[in-house]
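Asks: I'd like to go over a predicted model; first the sequence, then the structure.
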Amino acid sequence: MAYTRDHTSPVGTESIDWSRGRPYIRVKQADGSWEWKHRLVMKQQLGRDLKPGEKVYFVNGNSQDCRPENLEAKMPNRGNLHRYKRKARLQAAIRQMEFKKQEVQDILDGLNEQLKEFN
């Protein structure tokens, strides 16, 4: 299904929303409202509505991966929230290191090329 921001979209249309700082998928409902896809999937998985305050967490940290096995419903408490935020910070640090690793590799490749000129 195509992603769109068109507010006249048919029911079931998916849209990427960046208003929370990272991309979440919304789904157009029959009443014209939009609902977060991860919450819809979790409600379907649980066979009930989510309780007030109950949060849906992404196991792998990818807010667009709405597969049931990647979603976890929990009542947030300090421990869960701390663990979730720490995991997200660690994942961001790993992505940043991967980027830096490539930069260092490019520099090393350049130095090796210069070294070959002397030999």
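Replies: Here it is on my side, so go on.

Asks: And the contacts of stretch 32-47?
Replies: Residues from elsewhere that reach stretch 32-47 (Cβ atoms under 8 Å, 6 or more residues apart in numbering): 14-15, 17, 24-29, 49-50, 56, 58, 63, 66-68, 71, 73. Just so you know, the C-beta spots here come from the backbone N, C-alpha and C atoms, and that holds for glycine as well.

Asks: now the helices for the chain?
Replies: 37-46, 78-118 (DSSP state H).

Asks: Could you dump these into CSV and include mean neighbour count, mean pLDDT and distance to Pro10?
Replies: Listed next are those as CSV, based on neighbours: other Cβ atoms under 10 Å; pLDDT from 0 to 100; distance: least, Cβ to Cβ, whole Å:
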stretch, mean neighbour count, mean pLDDT, distance to Pro10
helix 37-46, 17, 96, 16
helix 78-118, 10, 81, 34
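
Asks: Export those helices as a markdown table, with columns for distance to Ser9.
Replies: Shown next, in a markdown table, are the helices of the chain (distance: least, Cβ to Cβ, whole Å):
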| stretch | distance to Ser9 |
| --- | --- |
| helix 37-46 | 14 |
| helix 78-118 | 30 |
